[in-house]
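Colleague: show me the folded form of this:
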Amino acid sequence: MDLDELLAVLRLEGEGGDLFTGRSPADRDRPVYGGQFLAQALLAAGATVEPGRAPHSLHAYFVRSGPAQVPIDYVVDRVRDGRNFSHRAVVARQDGKEVFRLIASFQVPSSGLSHQEPFEVPTGTDPAAFPGYRAWVADLSDNDDHPWFREQVPVDIRFEDAPPARPRRPIGGTLRIWMRLVGRVPSDDPTLHAALLAWMSDKTISDVTMYPHGRSWTDAGTDILSLDHAMWFYEPARADEWVLFTHETPATRGGRGLARGDLVTLDGRRVGAVAQEALLVYPPE
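Modeller: You can find the predicted model right below:
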């Protein structure tokens, strides 16, 4: 899948009123990608909001796995339109069954108090010079046949200061993973770019929940199942320019792991944050 195909996947079909239909890539043989649910639902919500109100947050639950071959119906509930904020709830269904639920908030551009904790991105940083994240995961994994290694997607993912993959050992702390779409998005629409960043955010964020245990989610018999996802957008950012997604996992417990991080541009601006909880599936020892 290239960028044009991704943009086509995110182009919803209006069914009248507040109902939209989304589809998955035609060649996908795995369940619907969670980032696709996030992006399509946010775009469905945004399509019902008056122009000029950009998303500033979303909160979502992955209710059940969705087959990629089945169209997705997105039903938008216009919860509230105030002077400065619009709230939307979106339910996604396949064959009549709820598979995903999202609530998003949109805000009129406004001035007010503003500050950022400093974030260091060294001058001259070139993320394209860092090693590819997928190659690092392949070195870490014990399963060369995992389909994720063959997946073609229009996003370049690079790992800054990557720790050695071998020998396998617990890996903690904050990881710095850079991403950008491959190609130029022919639109400056902040809602579209927020949706694309949401699509990108689900690519790697929960991977780190396995690393403190010396495992990879691509290991044989191992998986990570997204349970929920939240994002905050402090200011608009382009998904086709380098964005640093920091990754950290403060705790795993009861088979669940929490992952969270910041979104930072090359000039050190914090433009957003992300958090996700996932179910950790692994073979008995």
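Colleague: which parts of the stretch 151-285 of the chain are helices?
Modeller: For the stretch 151-285 of the chain, the helices defined by DSSP state H, counting those that start in this stretch cover 190-201.
Colleague: so where's it uncertain?
Modeller: 285 (pLDDT under 70).
Colleague: just want the most central residue of this structure.
Modeller: S201 (2.4 Å; CA atoms, centre = their mean).
Colleague: can you get me a residue count around the nearest residue in space to that residue that is not next to it in sequence?
Modeller: Distance criterion CB to CB, 6 or more residues apart in numbering; nearest residue to S201, sequence neighbours excluded, is V274 at 4.8 Å. C-beta coordinates here come from the backbone N, C-alpha and C atoms, glycine included. Look at V274: counted by other CB atoms under 10 Å, it has 24 neighbours.
Colleague: so who does the residue nearest to the centre of the chain touch?
Modeller: Neighbour list for S201: 35, 38, 229, 231, 245, 263, 274, 276 [criterion: CB atoms under 8 Å, 6 or more residues apart in numbering].
Colleague: V70 is in contact with D95, correct?
Modeller: Yes. D95 lies in contact with V70 (CB atoms under 8 Å); the separation is 6.0 Å.
Colleague: endpoints of stretch 215-235, how far apart?
Modeller: From its first residue to its last, stretch 215-235 covers 35 Å (CA to CA, to the nearest Å).
Colleague: against L175, how distant is P250?
Modeller: In this view, P250 and L175 are 13 Å apart by CB to CB, to the nearest Å.
Colleague: ok, those two, which is more surrounded?
Modeller: For P250 and L175, the more surrounded residue by other CB under 10 Å is L175, and the numbers stand at 22 against 10.
Colleague: which ones are touching the residue nearest to the more buried one when sequence neighbours are not counted?
Modeller: Here the nearest residue to L175 in space, its sequence neighbours aside, is H247; by CB to CB, 6+ apart that works out to 4.3 Å. Taking CB under 8 Å, 6+ apart as the criterion, H247 is in contact with 174-177, 204-205, 207-208, 259, 261.
Colleague: buried only: go through the residues you listed for me.
Modeller: Buried members of the contacts of H247, scored by 16 or more other CB atoms under 10 Å, are 175-177, 204-205, 207-208, 259, 261.
Colleague: what about the residue nearest to S201, distance to V76?
Modeller: When V274 is compared with V76 (using CB to CB), they lie 23 Å apart.
Colleague: same question for M210.
Modeller: 35 Å.
Colleague: can you pick out the residue with more neighbours from those two?
Modeller: M210 (25 against 22).
Colleague: hang on, that one packs against T204?
Modeller: No. If you go by CB under 8 Å, M210 and T204 don't touch, sitting 11.5 Å apart.
Colleague: could the buried ones among the contacts of H247 be laid out in TSV, adding distance to E15?
Modeller: TSV is the format used below for the buried ones among the contacts of H247 (distance: CB to CB, whole Å):
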residue	distance to E15
L175	41
R176	42
I177	37
T204	33
I205	31
D207	36
V208	38
A259	35
G261	36
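Colleague: nearest to G46, of these?
Modeller: I205 (22.0 Å; CB to CB).
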